[in-house]
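>>> Give me coordinates for this.
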Amino acid sequence: MRRRAEWLVSLPLAVASGLGAHCFAYWLVSPGAEQHMGLHAERGHAYLGYTPAIVIWGFALVLAGLVLCVGEGLRGREPSQPPLPLFALLPPAGFAVQEHLERLLGTGGIPHDLITEPTFLVGLALQLPFALAALLFAYGLQALGFGFGRAVARTLVLRRPAFLAPPPLLSLPALATQIAPSILVPGRGPRAPPLAHCL
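Residues are numbered from 1 along each chain as shown. So this is what the prediction gives:
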């Protein structure tokens, strides 16, 4: 359950960081001539029309992961770490695959010098800071969910009424107690007569 919670929070954020770096790279550096940019925007970036649906699905996954984190906190478990390899590998690999697919769909072929284009290099370089920001955000969300769950659990424990036993139906007699002898009574009996007097 804990692994499911961290993946539900981390995966949409890792994808969002890759797409964010991709868009920012295209905003910073134009990929080529105006006609090439127009063709690329019409065909290669046509999927961006689905951005609202992608955002809604990503938000729903993060929210579901956050609810699972709260549940883990209610059970008193410690927060787990977001999967670091996901943030280290998915955004740059996703960006490279995305760029090649966009060029293939936009122009019908993949240029041999794609990885040396300024847009590609800038987009690849931006993956690291965007992924780091997404990783920190995922860590903060998970810690917030676990902390909220633990706070609710503590509140429920403090407000729980103490269990009161019902009064007994029959009263049992008190246990017999040993009575201590008085200090005026000697501890041993009277002294017997000497043996010589008895003979």
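
>>> and Pro118, how many neighbours?
13 (other C-beta atoms under 10 Å). To be clear about C-beta, it is placed using only N, CA and C from the backbone, and glycine gets the same treatment.

>>> now do Thr51
Using other C-beta under 10 Å, Thr51 has 11 neighbouring residues.

>>> which SS state does it fall under?
For Thr51, the assignment made with DSSP: H, G, I helix; E, B strand; the rest coil gives helix.

>>> I figured Ser80 hits Arg4, correct?
No - checked against C-beta atoms under 8 Å, the pair Ser80 and Arg4 is beyond contact range at 10.4 Å.

>>> Between these two, which has more neighbouring residues?
Shown here are Ser80 and Arg4; by other C-beta under 10 Å, Ser80 has more neighbours (16 against 12).

>>> Let me see the confidence value for His197.
Per-residue confidence (pLDDT) for His197: 56.

>>> so where's this protein uncertain?
For the chain, applying pLDDT under 70 flags the ranges 1-2, 31-50, 106, 158-199.

>>> longest helix of the protein?
Determined from DSSP state H, the single longest helix within the chain is helix 118-159.

>>> packing partners for that one?
In terms of contacts (3 or more C-beta pairs under 8 Å, 6 or more residues apart in numbering; DSSP states H and E), helix 118-159 is packed against helix 2-28, helix 51-74, helix 84-107.
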